[in-house]
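Provide a 3D model corresponding to the input given below.
(one chain, ligands or ions: 1)
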Amino acid sequence: MTAPDNCFKEAERDGVYRAIYERRDVRSQFLPDPIAPDVLARLLQAAHHAPSVGFMQPWDFIVIENHEIRASILALFEQANQAAAEHFEGERKDLYRSLKLQGIVESPLNLCITCDRSRGGPHVLGRNSIVETDLFSTCLAVQNLWLAARAEGVGVGWVSILDQTQLSEALNLPEHVYPVAYLCLGYVSEFLDQPELEAKGWRSRLPLSELVHGDTWGEMLINEPLETALNEKPTFGKNV
Ligand SMILES: Cc1cc2c(cc1C)N(C[C@H](O)[C@H](O)[C@H](O)COP(=O)(O)O)c1[nH]c(=O)[nH]c(=O)c1N2
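Next up, the predicted model:
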């Protein structure tokens, strides 16, 4: 089948897939160089153009440059991370402890993307049955920013090893505002070829063909051409 007229040109398509495959969660490779305001504005615009339930646009963006606030968030991380390590034992615990899981003070900028759960009033189109759709929408804003950042050569790291109540207090969030993503942003020495957790032996990418089901959960896919295609490596980016 030929591609429709409204599809992207090949180089443009490659660019989209390249951003997807070469986006990385960054924590160890941050450089201190500041992100220029026009670049940061483009990233925030990309986030603001994410889809959202009922066009709710529930996000706000807290740009955190203040060193004292960042030091206090790092202290929250250290506390939560120590507790998290206790869930593992033996070699797994040692490996967990050796992982670097944040770049809060090394990165030049932190950004908290929040979800205002009251935005748009009590009846947001599309949100009456599944109330979490506001949170899902905010996650899409995060991903838009993450992909745009990769295209700009800016690394992003998501830090979720934080107590949500303490984080909300540290950032002065009102009751109805949920801190969805605490992110570290900055230029990087390199983007790794594969997820850092994979490189460090924590966990590998699962085979996609095992995750695609036919008709209902757990059923084999009976579409053989699709199954064959799923087993092929992606043909854009670094294929990892
Ligand atoms: C919701 C959520 C929360 C977190 C993450 C991601 C997401 C989506 N990730 C990053 C995560 O470890 C990473 O995405 C995977 O390991 C895959 O690697 P790449 O993102 O492909 O490089 C992450 N990484 C980290 O070092 N500390 C963290 O607290 C978190 N938290």
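
in the chain, which ranges drop under the pLDDT threshold?
Within the chain, the ranges that satisfy pLDDT under 70 run 1, 236-240.

Strands of that one, residue ranges please.
Counting by DSSP state E, one finds strands in the chain at the ranges 59-64, 109-116, 154-159, 177-187.

Point out the residues in the protein that sit beside the ligand.
Counting by Cβ under 6 Å from any ligand atom, the residues of the chain close to the ligand are 24, 25, 27, 101, 102, 158, 159, 160, 161, 195, 197. The C-beta positions use only the backbone N, C-alpha and C, and glycine is treated the same way.

Can you flag the buried ones in the residues you listed?
The neighbour count (16 or more other Cβ atoms under 10 Å) marks 24, 25, 27, 101, 102, 158, 159, 161 as buried among the residues of the chain next to the ligand.

quick one: contacts for the nearest residue to the first one once chain neighbours are set aside?
Of all residues not flanking residue 24 in the chain, residue 191 sits nearest, at 4.9 Å (Cβ to Cβ, 6 or more residues apart in numbering). Listed by Cβ atoms under 8 Å, 6 or more residues apart in numbering, the contact partners of residue 191 are 22, 24, 26, 29, 150, 155.

Closest to the ligand out of those?
Lowest distance from the ligand to the contacts of residue 191 (Cβ to the nearest ligand atom) belongs to residue 24, with 3.8 Å.

Tell me how this structure divides into domains.
Structural domains annotated on the chain: 11-202, 205-233, as defined by automatic domain parsing.

Quickly compare the ones you listed and say which is most buried.
Scoring these by mean neighbour count under mean count of other Cβ atoms under 10 Å gives domain 11-202 as the most buried, with a mean of 17.

and that domain, how far from the chain's centre?
5 Å (Cα atoms, centre = their mean, to the nearest Å).

Can you measure across that domain, start residue to end residue?
Its first and final residues considered, domain 11-202 spans 34 Å by Cα to Cα, to the nearest Å.

What of stretch 55-64?
26 Å.

Nearest residue to residue 15 in space, please, no chain neighbours.
Sequence neighbours aside, residue 151 is the residue nearest to residue 15 in space, at 7.1 Å (criterion: Cβ to Cβ, 6+ apart).

An error on my part: the question was meant for residue 163.
By the measure of Cβ to Cβ, 6+ apart, the closest residue to residue 163 outside its immediate chain neighbours is residue 80, 5.7 Å from it.

Now do that neighbour against residue 201, distance only.
23 Å (Cβ to Cβ, to the nearest Å).

Kindly report the same for residue 27.
Taken as Cβ to Cβ, the span from residue 27 to residue 201 is 16 Å.
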